[in-house]
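> Output the structure for:
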Amino acid sequence: MKQHWEDIYNNKQPNEVSWTQEKPSISLDFIHGFNTNKNTPIIDIGGGDSKLVDYLLDEGYTDITVLDISGAAIERAKKRLGNRQQSVKWIVNDILEFEPERNYGIWHDRAAFHFQTDEQSIDKYISIVNKAASQFVVVGTFSVNGPKKCSGIEIKQYEEGSMKARFENEHYKNTTCKYEDHITPSGNVQNFIFCGFKRD
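Below you'll find the predicted structure:
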């Protein structure tokens, strides 16, 4: 899996991959809606070369971590940010192998969760969230009206009820869910569902 993503980021430009967003508006809307301080620790799971980090830095957030399985993706983001890369913590790791050493006030994921397709992987992912996310979680995945694959890899689709069933537990309660039509660089439409959760 790691080699697959290294190959993608080494050989394709942002306008050649479906997940590219010029502005991650819905992610920012969720983060703004949580009404946290600008020094709240935020981690972007599967952040790759997403521009979410750029917008968070522009808005004055001071404690941002980006995790991605691909070192090439992170190097691309660092190059784009220039000197501002020093204001971000970077982690190259598979999310299922991530052992968080601290808590994060906001856990954001638009890229990794829907690749967990078996119960063992899903349970492992949720256990990491429960360990690391101290205040809020926002997860975006392909909806039941979205694609069944991403970059040639099978994914698991979700709707509002199934997302709540996965993340609502003794720790977290749902705040809201929203659907979004993402327009890919090639002009295709991909339907996502984003759900936010607050730790009790």
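> For this protein, which segments count as strands?
Using DSSP state E, the strands assigned to the chain run over residues 42-45, 64-68, 88-92, 104-109, 133-142, 149-150, 153-154, 172-183, 189-199.
> Run through this protein and note the low-pLDDT ranges.
Scanning the chain for pLDDT under 70 picks out 5, 14-20.
> In it, which residue is most central in space?
Geometric centre of the chain, nearest residue: Asp109, 2.0 Å, by Cα atoms, centre = their mean.
> In contact with that residue: list those residues for me.
When contacts are counted by Cβ atoms under 8 Å, 6 or more residues apart in numbering, Asp109 touches 44-46, 138-140. For glycine as for every other residue, the C-beta is placed from the backbone atoms N, C-alpha and C.
> Most neighbours of all those, which one?
Asp44 (28 neighbours; other Cβ atoms under 10 Å).
> Could you give the bridge partners of that one?
Applying DSSP bridges to Asp44 yields these beta-bridge partners: Val66, His108.
> ok, it - contacts?
50, 52-53, 64-67, 108-109.
> quick revisit: and the strands of the chain: which comes nearest Lys23?
Lys23 lies closest, by Cβ to Cβ, to one member of the strands of the chain: strand 172-183, at 11.7 Å.
> now the angle between strand 189-199 and the closest one, please.
On the basis of axes from the mean of the first three to the mean of the last three Cα atoms, to 10 degrees, strand 172-183 is oriented at 160 degrees to strand 189-199.
> partner strands of strand 172-183, parallel or antiparallel?
Partners of strand 172-183, by DSSP bridges, with direction: strand 189-199 (antiparallel).
> mind listing what's buried in the strand it pairs with?
Buried residues in strand 189-199, counting neighbours by 16 or more other Cβ atoms under 10 Å, are found at 190, 192-197, 199.
> and if you look at stretch 159-172?
The neighbour-count check on stretch 159-172 (16+ other Cβ under 10 Å) flags 160, 162-164, 166-167, 171-172 as buried.
> can you map out the helices along this structure?
Ranges of helices within the chain are 2-11, 25-33, 52-58, 71-81, 119-132, 160-167, based on DSSP state H.
> So which elements touch the last one?
In this case it means helix 160-167. With contacts taken as 3 or more Cβ pairs under 8 Å, 6 or more residues apart in numbering; DSSP states H and E, helix 160-167 sits against helix 119-132, strand 133-142, strand 172-183, strand 189-199.
> Next, format the ones you listed as TSV and append distance to Glu97.
Listed next are the helices and strands packed on helix 160-167 as TSV, based on distance: least, Cβ to Cβ, whole Å:
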stretch	distance to Glu97
helix 119-132	9
strand 133-142	17
strand 172-183	23
strand 189-199	23
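> Any idea which of those gets closest to Gln86?
Of all the helices and strands packed on helix 160-167, it is helix 119-132 that lies closest to Gln86, at 23.2 Å by Cβ to Cβ.
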